[in-house]
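**Student:** Can you look at this prediction? I've put the sequence above it.
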Amino acid sequence: MEVTKKLGIPINALLLTISGLLILTGSLYTYLFVLKGVYGSFSFLDDSSKFPFGSVFMRPADYKIAILYSDNTEKLLPDGSTWLSDNMASWKKVLGQYKFNYTVLHDSDVEKGRHSNYNLLILPGCKSMSDEEVNSIKRFIDKGGSIFSTSGTASFSTDGKWRGWEFFSEVFGLKFVKEIKKEEMSRLLTLRGGFPLTSGIPTGFPLKIATWDFPISMQVLEPRTNQVSYWFSFKKDTVLVKEGLVKSCGSAYGSYGAGRFVWLGFELNSVLGTLEDFVEFDKFVHNSLNWLLYAPIANIQDWPGSYRAAAIITAVVSGQPQNIRNLISQFNAQGIKPIILIDPAVAEADPQLVRECAKAGEIGVVVDIGYLSSASDTSNKLNDYNTQFAKIKAAADQLKAISSTEVTALVPLYGFFDDNTVLAAAQAGFKYLLTDSLSNRSVPKVVIKGNKPILILPKTGRDDFEVVRDLGLAQPEFQVYTYDEDIEKTIFEGGLYTFKTHTEVQGNPENAGVVRNVIDSIKAKKNMWVTNPQDLYNWWTKRNKIEMRIETRSGTRVAVTISNSGKEPVSDFLVSINMQIAVDHIKVSSEIIGTTIPPYTYDRNSRSILMQIKNLQPGESHIYYIDFDKPNS
């Protein structure tokens, strides 16, 4: 039988082809769905800057950064000086630490505009520049470039002649005030809170800066420039506080044309101190780099809502204890719940007075835990742990037995404390430790000893011993003015103002009325949160448990991870996300379906999103996606 061979495509091959195309199409849509889930909205038809793997989704190594090695400046230095090369080495170390690639340029490169294709130009100690160089840098930043500058940039010409501060006034919007002389081996530079550059750094943190390079004080002239720190010191400067603050700018950031700048009035190598100093300064430099490179920066706000600072009131009952009644009447009239700290000897002599104090506010004890004349005193020492605990516990038990209320606060008689004090106070059940020796911040510090958090409250202003007794200000209006200076300073920093009074000074009948005026002044500050000890404790211990991380996923999406590292639920706290660029059509979603989306607002002026997290359980972590469009895109 003859077998006939049929030609053509078998039906099963056609089905396989169609099935394959369907599978391929489905796979492509699945792939795109996954990409959208990770990177947010994008289109293959858009320009590459929006594509997830394009230039906006940048790792540190993708940024183009240049460091200027200023040969012109090196010519001004003494023969054999390694000052400039040492500064360069420090910058290379910093950039390498954060995985940034960089290129070293020279003066001739900048004159010829070879820096124009870089995202960031770093100018370490570049004091001497040619006119061509200065103009080239101005054009670079005016067109959208960023510069990170230190010390007296472009203050000398190439022939070593003094050019002046024109570059600062034009580009940075700053006015020269003075150089800090070498009479002091070092000077403290206090960092203000609430800025992108100080995110994650305790508000009021003082950097210890060596004076061998003659650090510079400036004054901000224009609203496009932000003062981030100040050199002013109560003890060393005799000018009025407000003038001292604004005329002692030690670092600033802002804009010039379409570009950005950060300026430090000192070199990286001038930072001194302990490991903590270097850790916080490292955060400052990293934040500065992120800001200059337009990377989003997240921060947990120090205070609720739109408050810039906070204030609480305290009174110490020691000499002339009956005067506490004068102070209590002022507190009650103003609706203030203070912390009243009582000497155990007073409590023993007048139990009724203790009960009156307990009704007026929270009570605490003044305890002698040993004597130190200063933080650097090596001749004297505080009591050991067992002695401190015994004294603190006995004083607390005494007041509790008299008042039938909890004793929540401790103040060392001589102001100084150590780790034994914190542990003893926590084990004795105290919530607050008030001290004159916590000087590395102007906000509370939460310390966990075992499972018990204790709030250490810093001294951020002068008390009545200093204002009335030491300065001799007997007239009420002068007292109020001096306290108000400290209030304004605290707001300027963004910290906590503790109005500390004593029965033998501010409690005297002729001085007690000042308390009402000071509280009125505090309440008149719309950006200051006038609070009570318990609310302060609740807010700050809650804030301390929150951890945040921000990650750029694409040109139109960032992911914010918010976690509760504590053992108790945390509710009603605020986080700020500085987007760095203008954005529109913001949409917040969650990685997990069904997660409640927190309320949020967007401030177009600061380009920041403020999210209010309602509730976060212990160990819980939420990832929120922030999707947005760019204007005119």
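**Tutor:** Received, thanks.
**Student:** Mind pulling up the pLDDT for residue 622?
**Tutor:** You'll see residue 622 listed with a pLDDT of 90.
**Student:** Whichever strand or helix holds it - which strands sit beside it in the sheet, and in what orientation?
**Tutor:** Assessed by DSSP states H and E, residue 622 sits inside strand 621-629. Applying DSSP bridges, strand 621-629 is found paired with strand 557-564 (antiparallel), strand 584-590 (antiparallel).
**Student:** Please pull up the helix or strand immediately following the first one.
**Tutor:** Following strand 557-564 in sequence order, the next helix or strand is strand 570-578 (DSSP H and E).
**Student:** Quick one: mean pLDDT over that next one.
**Tutor:** Here the average pLDDT along strand 570-578 is 84.
**Student:** Look at the closest residue to residue 111 other than its chain neighbours and give its secondary structure.
**Tutor:** Here the nearest residue to residue 111 in space, its sequence neighbours aside, is residue 132; by Cβ to Cβ, 6 or more residues apart in numbering that works out to 4.4 Å. Every residue, glycine included, has its C-beta placed from N, CA and C. Recorded secondary structure, residue 132: helix (DSSP: H, G, I helix; E, B strand; the rest coil).
**Student:** What of residue 378?
**Tutor:** Secondary structure, three-state DSSP: residue 378 is coil.
**Student:** how close does it sit to residue 372?
**Tutor:** 9 Å (Cβ to Cβ, to the nearest Å).
**Student:** what about these two, which has more around it?
**Tutor:** residue 372 (20 against 7; other Cβ atoms under 10 Å).
**Student:** The residue nearest to that one when sequence neighbours are not counted: neighbour count?
**Tutor:** Sequence neighbours aside, residue 416 is the residue nearest to residue 372 in space, at 4.3 Å (criterion: Cβ to Cβ, 6+ apart). Residues lying near residue 416 (other Cβ under 10 Å) number 21.
**Student:** who touches residue 416 in this structure?
**Tutor:** The contact partners of residue 416, taken as Cβ atoms under 8 Å, 6 or more residues apart in numbering, are 372, 375, 382, 435, 436, 437.
**Student:** Now the fifth one: phi and psi?
**Tutor:** Taking degrees, to the nearest 10, you get phi -90, psi -10 for the backbone angles of residue 436.
**Student:** Report how many residues lie close to the closest residue to it other than its chain neighbours.
**Tutor:** Among residues not flanking residue 436 along the chain, residue 415 sits closest, at 3.4 Å (Cβ to Cβ, 6+ apart). Neighbourhood size, residue 415 [other Cβ under 10 Å]: 16.
**Student:** Which parts of the stretch 1-150 of the chain are helices?
**Tutor:** 11-39, 71-76, 83-97, 107-111, 131-142 (DSSP state H, counting those that start in this stretch).
**Student:** Indicate which one of the ones you listed is closest to residue 322.
**Tutor:** Closest approach to residue 322 among the helices of the stretch 1-150 of the chain is made by helix 83-97 (59.4 Å; Cβ to Cβ).
**Student:** Residue 543 reaches residue 574, doesn't it?
**Tutor:** No. Taking Cβ atoms under 8 Å as the definition, residue 543 is not a contact partner of residue 574, at 9.0 Å.
**Student:** circling back: for residue 364, which of the strands paired with strand 621-629 is the nearest?
**Tutor:** Nearest of the strands paired with strand 621-629 to residue 364, taken as Cβ to Cβ: strand 557-564 at 29.2 Å.
**Student:** And the nearest residue to residue 404 once chain neighbours are set aside, how far from residue 405?
**Tutor:** Spatially, and ignoring its direct neighbours in sequence, residue 404 is nearest to residue 358 (7.7 Å; Cβ to Cβ, 6+ apart). From residue 358 across to residue 405, the span is 5 Å (Cβ to Cβ).
**Student:** now residue 434
**Tutor:** According to Cβ to Cβ, residue 434 and residue 405 sit 18 Å apart.
**Student:** The two - which one has more neighbours?
**Tutor:** Using other Cβ under 10 Å as the criterion, residue 434 and residue 405 rank with residue 434 on top: 25 against 15.
**Student:** Quick one: low-confidence residue ranges for this protein.
**Tutor:** The model of the chain has pLDDT under 70 over residues 1-14, 27-61, 438, 632-633.
**Student:** So it: which segments form each domain?
**Tutor:** Split into domains by automatic domain parsing, the chain comes to 64-292, 309-526, 541-629.
**Student:** Could you provide those in a markdown table, with additional columns for distance to residue 16?
**Tutor:** Formatted as a markdown table, the domains of the chain follow (distance: least, Cβ to Cβ, whole Å):
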| stretch | distance to residue 16 |
| --- | --- |
| domain 64-292 | 48 |
| domain 309-526 | 65 |
| domain 541-629 | 36 |
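**Student:** quick one: which of these is nearest residue 535?
**Tutor:** domain 309-526 (9.0 Å).
**Student:** Quote the end-to-end distance of the closest one.
**Tutor:** End-to-end distance for domain 309-526, by Cα to Cα, to the nearest Å: 10 Å.
**Student:** Contacts only, for the residue nearest to residue 564 when sequence neighbours are not counted.
**Tutor:** Of all residues not flanking residue 564 in the chain, residue 616 sits nearest, at 4.2 Å (Cβ to Cβ, 6+ apart). Residues near residue 616 by Cβ under 8 Å, 6+ apart: 546, 562, 563, 564, 569, 570, 571, 622.
**Student:** now residue 251
**Tutor:** Residue 251 touches 189, 197, 227, 228, 229, 262, 263, 264, 265, counting by Cβ under 8 Å, 6+ apart.
**Student:** Kindly recompute the last result at 6 Å.
**Tutor:** Contacts of residue 251 were listed using Cβ atoms under 6 Å, 6 or more residues apart in numbering, and they are 228, 229, 264.
**Student:** number of nearby residues for the residue nearest to residue 111?
**Tutor:** 15.
**Student:** so it makes contact with residue 110?
**Tutor:** No. The criterion here is Cβ atoms under 6 Å, and residue 132 misses it with residue 110 at 8.3 Å.
**Student:** The stretch 201-350 of the chain: strands as residue ranges?
**Tutor:** 206-210, 216-220, 225-227, 229-230, 251-256, 259-264, 271-272, 297-300, 309-317, 339-342 (DSSP state E, counting those that start in this stretch).
**Student:** Same list, these, but as CSV with distance to residue 143 please.
**Tutor:** Shown next, in CSV, are the strands of the stretch 201-350 of the chain (distance: least, Cβ to Cβ, whole Å):
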stretch, distance to residue 143
strand 206-210, 33
strand 216-220, 24
strand 225-227, 19
strand 229-230, 29
strand 251-256, 10
strand 259-264, 7
strand 271-272, 32
strand 297-300, 24
strand 309-317, 38
strand 339-342, 55
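**Student:** Only C-alpha atoms, please: export stretch 531-541 in PDB.
**Tutor:** Taking Å, rounded to 0.1, in the frame of the first residue of the first chain, the C-alpha atoms of stretch 531-541 are listed here in PDB:
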ATOM      1  CA  THR A 531       4.300  70.300  79.100                       C
ATOM      2  CA  ASN A 532       4.300  68.400  82.300                       C
ATOM      3  CA  PRO A 533       6.700  65.700  83.500                       C
ATOM      4  CA  GLN A 534       4.500  62.700  82.700                       C
ATOM      5  CA  ASP A 535       3.600  63.800  79.200                       C
ATOM      6  CA  LEU A 536       7.300  64.600  78.500                       C
ATOM      7  CA  TYR A 537       8.300  61.100  79.800                       C
ATOM      8  CA  ASN A 538       5.600  59.400  77.700                       C
ATOM      9  CA  TRP A 539       6.600  61.200  74.600                       C
ATOM     10  CA  TRP A 540      10.300  60.800  74.800                       C
ATOM     11  CA  THR A 541      10.500  57.200  75.900                       C
END
